[in-house]
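Novice: What follows is a predicted structure for the sequence shown.
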Protein chains: 2
Amino acid sequence: MKNLDERTITQAVIERNSSSGNERLKDVMHSLVQHLHSFAREIELTEEEWEIGIKFLTDVGQICSPTRQEFILLSDTLGLSTLVIAQNHKKPVGCTEATVFGPFHVQNAPRLPLGSNMSIGVKGTPWFVNGQVRGIDGKVIPYAEIEVWQADDDGFYDVQKEGLNEYQGRAIFTADQEGKYYFETIVPEAYPIPHDGPVGKMLEALNRHPWRPAHLHFMISAPGYERLVTHVFKESGEYLDSDAVFGVRSSLIAEWTYHENGTDQNGQFHATPFYTLDFDFILNHKKEAVRHD
Amino acid sequence: MKNLDERTITQAVIERNSSSGNERLKDVMHSLVQHLHSFAREIELTEEEWEIGIKFLTDVGQICSPTRQEFILLSDTLGLSTLVIAQNHKKPVGCTEATVFGPFHVQNAPRLPLGSNMSIGVKGTPWFVNGQVRGIDGKVIPYAEIEVWQADDDGFYDVQKEGLNEYQGRAIFTADQEGKYYFETIVPEAYPIPHDGPVGKMLEALNRHPWRPAHLHFMISAPGYERLVTHVFKESGEYLDSDAVFGVRSSLIAEWTYHENGTDQNGQFHATPFYTLDFDFILNHKKEAVRHD
């Protein structure tokens, strides 16, 4: 192993990695090294470009913080996130599709009772969201945990706002016995992904815009069912055809219905116009763990 | 572009990137996206593994500092650095081979006169290094700039030592009119690459040791010649066959000659044993820039 050159180095690295006791890791590293090296060979990567790449990845890592995940953003904008989600969630027709997780989820969002207003001090047009959680077999799923997060009507998430001491526009609800959920919030707008960092520079160099169509994030968990991470997009909103992170599915686009101010169907009076959304989630059964006995 | 799935996403990303005015960037991104996605498909990357990968890359970025470059270390340990160097330095037989740059080079190393001791306060066995810089055509190259850096005899570089206010074991020399260089230092030992970070964890999971064989770094620049970045390795030292960063070339292994204390061939008296190294560097001519007129 003293005379490696551009022809022999790949096999040498793969052999060096082959003594791991972790078979899966070995397979992953084998494929990774082959593709990484094939990439460098195919485009005849120069040393100057290699340096630019090292600097880019370093910048991506350095800008990460507890409230900013630039590597997820990079994965999202390169379509890797969509690919990984798609190949891991091949579900029966009829299940709600999954989409990208995005970089703005946080641990420990506040748990709120059904019907609460989760916008918590954010101005915007009121929005009443409701629906039901069912299994692909048609059965109601009681007490599913429904985590929701969203941008405000300026396109910012709470974690992007400096000096904010509480969460805004995110909550965890528990559906009722009939699988029903309902809460109040404000209508989120389309927004650009954070583009003041290295991923933003990459998009600019690629002549790509950083915008995402308006959407509401959902993560739904219930015992015996696959966890669902998805969005609901606004019908006829902007950027549905050019989402910067390739997250749109037709089946996830829904009508966000506009209502003039006045009394709604439940007899409640609204001083200003408001929106409603009615969206049901259909969960897939969890794959049974393979038994080794 | 609303119904991307695991079959259509790759082409969608490539098309989205195709409006850049930078043709080279477009080619690089095309190949990058294809190989990144092929990797994820080939090993059927799970979401959990994707998360581990995001966390790993984030950790690599976060541990980087002005004196630590963990992404270069990652590139080195995956053999990418050796590949890039090899494919960018296909030189005529007879030229000194290039090898990895490594993460311990710094800007603004002290310029010292020929014959100086660059170890600057580091204990160790004295080492007298000398040689000549010539072109592949056999001509002497006068006044070449010779930058040298090395670990101490505990295997640490100056930048790894906290609280040190000066550079140790690194210097820039200018060869004389006959291309000759000579300086004093101490003998560096084999050392493990920094393995208290994410790259160290990767090596451990792969059952790989982090050691590099003893070596001295050189970077040699002269007008009209290709810059040479290389090492000189210690003959019959440990780890020559299993360098953690795949940097060893047979042609770069040289005798580090041991001498008992006493008077040397120049009549100089040495109270303790010492080593010498005599190593010539043969530079390649710079490729002429392609003219566009």
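Specialist: Arrived safely.

Novice: Tell me how far the residue of the stretch 51-200 of chain A found nearest chain B lies from residue B:111.
Specialist: For the stretch 51-200 of chain A, the residue closest to chain B is residue A:61, as judged by Cβ to the nearest Cβ, at 0.9 Å. Glycine gets a C-beta too; all of them are placed from N, C-alpha and C. Look at residue A:61 and residue B:111: by Cβ to Cβ, to the nearest Å, they are 33 Å apart.

Novice: Same check on residue A:20?
Specialist: The value you get for residue A:20 to residue B:111, if Cβ to Cβ is used, is 45 Å.

Novice: Settle it for me: which of the two has more neighbours?
Specialist: Neighbour count, other Cβ atoms under 10 Å in any protein chain shown: between residue A:20 and residue B:111, residue A:20 has more, with 17 against 12.

Novice: What number of residues are in the vicinity of the residue nearest to the residue of the stretch 51-200 of chain A closest to chain B when sequence neighbours are not counted?
Specialist: Excluding the flanking residues, the one nearest residue A:61 by Cβ to Cβ, 6 or more residues apart in numbering or on different chains is residue B:61, at 0.9 Å. By the criterion of other Cβ under 10 Å, residue B:61 has 22 neighbours.

Novice: Please state the mean pLDDT value computed over the host helix or strand of residue B:61.
Specialist: Applying DSSP states H and E as the criterion places residue B:61 in helix B:47-63. The average pLDDT within helix B:47-63 is 97.

Novice: Against which helices or strands is it packed?
Specialist: helix A:47-62, helix A:70-77, helix A:80-88, helix B:70-77, helix B:198-205 (3 or more Cβ pairs under 8 Å, 6 or more residues apart in numbering or on different chains; DSSP states H and E).

Novice: Of those, give the one that comes closest to residue B:217.
Specialist: With Cβ to Cβ as the measure, helix B:70-77 is the member of these nearest residue B:217 (13.0 Å).

Novice: Centre of the chain to the closest one, how far?
Specialist: 10 Å (Cα atoms, centre = their mean, to the nearest Å).

Novice: Taking helix A:47-62 as reference, get the angle to that helix.
Specialist: 130 degrees (axes from the mean of the first three to the mean of the last three Cα atoms, to 10 degrees).

Novice: hmm, helix B:70-77 touching chain A?
Specialist: Yes: remark: helix B:70-77 sits within contact range of chain A at B:71-72, B:75, by Cβ under 8 Å from any Cβ of the partner chain.

Novice: So which bits of the stretch 101-250 of chain A are right by chain B?
Specialist: A:205-208, A:240-243, A:246, A:248-250.

Novice: and which of those is nearest residue A:180?
Specialist: So of these, ranked by how close each gets to residue A:180 (Cβ to Cβ), first place is residue A:249, at 23.6 Å.

Novice: tilt between the helix holding residue B:61 and helix B:198-205?
Specialist: Computed with the same axes, to 10 degrees, the direction of helix B:47-63 lies at 130 degrees from that of helix B:198-205.

Novice: List of residues touching helix B:47-63?
Specialist: Helix B:47-63 is touched from outside by A:28, A:57-62, A:64, A:69, A:71-72, A:75, A:80-81, A:84-85, A:88, B:40, B:45, B:70-71, B:74, B:197-199, B:202, with contacts defined as Cβ atoms under 8 Å, 6 or more residues apart in numbering or on different chains.

Novice: Just the C-alphas of it, formatted as CSV.
Specialist: The C-alpha coordinates for helix B:47-63 follow below in CSV (Å, rounded to 0.1, in the frame of the first residue of the first chain):
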residue,chain,number,x,y,z
GLU,B,47,-34.1,7.7,7.3
GLU,B,48,-32.2,6.8,10.5
GLU,B,49,-29.0,6.4,8.6
TRP,B,50,-29.6,9.7,6.8
GLU,B,51,-30.0,11.3,10.2
ILE,B,52,-26.7,9.8,11.4
GLY,B,53,-25.1,11.1,8.3
ILE,B,54,-26.4,14.6,8.8
LYS,B,55,-25.2,14.6,12.4
PHE,B,56,-21.8,13.2,11.4
LEU,B,57,-21.2,15.9,8.8
THR,B,58,-22.5,18.6,11.2
ASP,B,59,-20.1,17.4,13.9
VAL,B,60,-17.2,17.4,11.4
GLY,B,61,-18.0,21.0,10.5
GLN,B,62,-18.5,22.1,14.1
ILE,B,63,-15.1,20.8,15.3
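
Novice: Going by neighbour count, list what's buried in it.
Specialist: B:47, B:49-50, B:53-54, B:56-63 (16 or more other Cβ atoms under 10 Å in any protein chain shown).

Novice: just stretch A:174-183 next, same as before
Specialist: Applying 16+ other Cβ under 10 Å to stretch A:174-183 flags A:175-176, A:179-183 as buried.

Novice: how about the strand or helix carrying residue A:13, does it reach chain B?
Specialist: Here residue A:13, judged by DSSP H and E, is contained in helix A:9-16. Yes: judged by Cβ under 8 Å from any Cβ, helix A:9-16 comes into contact with chain B at A:9-10, A:12-13, A:16.

Novice: Just name the closest of the residues you listed to chain B, please.
Specialist: residue A:13 (3.7 Å).

Novice: Now do the contacts for that closest one.
Specialist: If you count contacts by Cβ under 8 Å, 6+ apart, then residue A:13 has A:33, A:37, B:78-79, B:246 around it.

Novice: Same question for residue A:161.
Specialist: Per Cβ under 8 Å, 6+ apart, neighbours of residue A:161: residue A:168.

Novice: again, but for residue A:190
Specialist: With Cβ under 8 Å, 6+ apart, residue A:190 has these contacts: A:155, A:211-214, A:237-239.

Novice: Quick one: buried ones out of the residues you listed?
Specialist: By 16+ other Cβ under 10 Å, the contacts of residue A:190 give A:155, A:211-214, A:237, A:239 as buried.

Novice: Which members of these are the farthest-apart pair?
Specialist: A:155 and A:237 (12.2 Å).

Novice: can you count the residues close to residue A:137?
Specialist: Residues lying near residue A:137 (other Cβ under 10 Å) number 11.

Novice: quick one: contacts for the closest residue to it other than its chain neighbours?
Specialist: Leaving aside its chain neighbours, residue A:137 sits nearest to residue A:285 (7.5 Å; criterion: Cβ to Cβ, 6+ apart). Contacts for residue A:285 (Cβ under 8 Å, 6+ apart) come out as A:135-137, A:224-226.

Novice: ok so, going back, dump the residues of helix A:9-16 next to chain B to JSON lines, plus pLDDT.
Specialist: Below are the residues of helix A:9-16 next to chain B laid out as JSON lines (pLDDT from 0 to 100):
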{"residue": "A:9", "pLDDT": "94"}
{"residue": "A:10", "pLDDT": "96"}
{"residue": "A:12", "pLDDT": "94"}
{"residue": "A:13", "pLDDT": "96"}
{"residue": "A:16", "pLDDT": "95"}
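
Novice: And whichever helix in chain A runs longest, what's buried?
Specialist: As assigned by DSSP state H, the longest helix anywhere in chain A is helix A:23-42. Using 16+ other Cβ under 10 Å as the test for burial, helix A:23-42 gives A:25-26, A:28-41.

Novice: Tell me how far that helix lies from the chain's centre.
Specialist: The chain centre lies 27 Å from the centre of helix A:23-42; the measure is Cα atoms, centre = their mean.

Novice: same question, stretch A:150-159
Specialist: 15 Å.

Novice: Any regions of the stretch 51-200 of chain A where pLDDT drops low?
Specialist: Along the stretch 51-200 of chain A, the model assigns pLDDT under 70 to no residue.
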